[in-house]
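I would like to see how this sequence folds:
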Amino acid sequence: MDINILSLSNGAKIAKGITVIIDVYRAFTTQSFAFENGIKEILNVSEIEQALNMREKGFADYCMGEIGGIRPDNFDFGNSPFDLKEKNIKGKTIIHCTMNGTTGAKLASNADLILGGALINAKATVDYIKLQKPEVVSFVAMGARSSNGEKRTEEDELCAIYMKSLLEETPIQPEAIVKVIDSCKESKKFGDPLQLQYPLFDKLQALRINEFDHAILLEKLGDYLVSKIQ
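Okay, the predicted model is just below:
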């Protein structure tokens, strides 16, 4: 098996085989949380206007997402487990639009199969990959994107390394991965009173390593991808 670790948008574009788009803070943590709370399916798009138009046309019940970590105007929820907390979303459909995770999934046009990865579903994702017996696997750490460009982030890169170790059956201790990520720069903004778009609750969800026991499979449907759990 050929296993590759790639990064950022360019990594998503060249990823082949079974491709795991990794966004720990927060896209695929948020999706895992939504599925835990009974969401029916999630429609992934990369443009804010597309999300709003699809909701208006009745494709889904809600829009969820972020630009620079902040909920866009007229969206129902941010890219945040906290925003979904205690909301009755069982049986509903959400359109999800983020600068990293959902955008990366759309860019992975050379992939045979696309999965959404984070710490919360790392082992479940790898277990699903093993069942497929692929020749090529690509882990893509999406990092962070802003008006200033893209940058790698420790949480996504380390999640990719951890998942690779699971696939190779030489696993790194999950507690060690969580400890390092919790000490990294991106983790520090959660709970910062000057950055209310990053509630501490979201970091706590993101660090629930291996607690969600489903892989998230993204299937192409028209000009968007549908997330379902396997």
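
Alpha carbons only: can I get the helix or strand hosting residue 137 in PDB?
According to DSSP states H and E, residue 137 maps onto strand 136-141. Output in PDB follows, covering the C-alpha atoms of strand 136-141 (Å, rounded to 0.1, in the frame of the first residue of the first chain):
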ATOM      1  CA  VAL A 136      -3.100   4.100  -2.700                       C
ATOM      2  CA  VAL A 137      -4.100   6.200   0.300                       C
ATOM      3  CA  SER A 138      -3.700  10.000   0.600                       C
ATOM      4  CA  PHE A 139      -4.000  11.900   3.900                       C
ATOM      5  CA  VAL A 140      -4.400  15.600   3.200                       C
ATOM      6  CA  ALA A 141      -3.900  18.000   6.100                       C
END
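
centroid residue for this structure?
residue 28 (2.4 Å; CA atoms, centre = their mean).

still on that earlier bit, can you list the buried residues in the next helix or strand after the strand holding residue 137?
Next along the chain after strand 136-141, taking DSSP H and E as the criterion, comes strand 144-146. Within strand 144-146, the residues that count as buried by 16 or more other CB atoms under 10 Å are 144, 145. C-beta coordinates here come from the backbone N, C-alpha and C atoms, glycine included.

and if you look at stretch 127-137?
So for stretch 127-137, counting by 16+ other CB under 10 Å, buried means 127, 128, 129, 134, 137.

Strands - which of these land there?
Counting by DSSP state E, the part of these found in strands is residue 137.

among the buried residues of stretch 127-137, which are in helices?
Among the buried residues of stretch 127-137, DSSP state H puts 127, 128, 129 in helices.

circling back to that earlier point, test my guess that the residue nearest to the centre of the chain contacts residue 119.
No. Using CB atoms under 8 Å as the test, residue 28 is too far from residue 119 to be in contact (9.3 Å).

picking that back up, determine the set of other helices and strands touching the strand holding residue 137.
strand 2-7, helix 8-14, strand 17-22, strand 111-117, helix 154-167 (3 or more CB pairs under 8 Å, 6 or more residues apart in numbering; DSSP states H and E).

what residues are up against residue 51?
45, 63, 65, 75, 95, 96, 97 (CB atoms under 8 Å, 6 or more residues apart in numbering).

And for the nearest residue to the last one once chain neighbours are set aside, the neighbour number?
Setting aside the residues directly before and after it, residue 97 is nearest to residue 65 in space (CB to CB, 6 or more residues apart in numbering), at 3.7 Å. For residue 65, the tally of surrounding residues (other CB atoms under 10 Å) stands at 29.

And for the helix or strand bottoming out on mean pLDDT in the chain, what's in contact with it?
Sorting the helices and strands of the chain by mean pLDDT, DSSP states H and E puts strand 144-146 at the bottom, at a mean of 86. Residues outside strand 144-146 that contact it (CB under 8 Å, 6+ apart) are 8, 9, 68, 99, 100, 103, 150, 151, 153, 186.

Relative to the helix or strand just after it, what are the paired strands and their orientations?
The helix or strand immediately downstream of strand 144-146 is strand 149-151, counting by DSSP H and E. With DSSP bridges as the test, strand 149-151 is paired with strand 144-146 (antiparallel).
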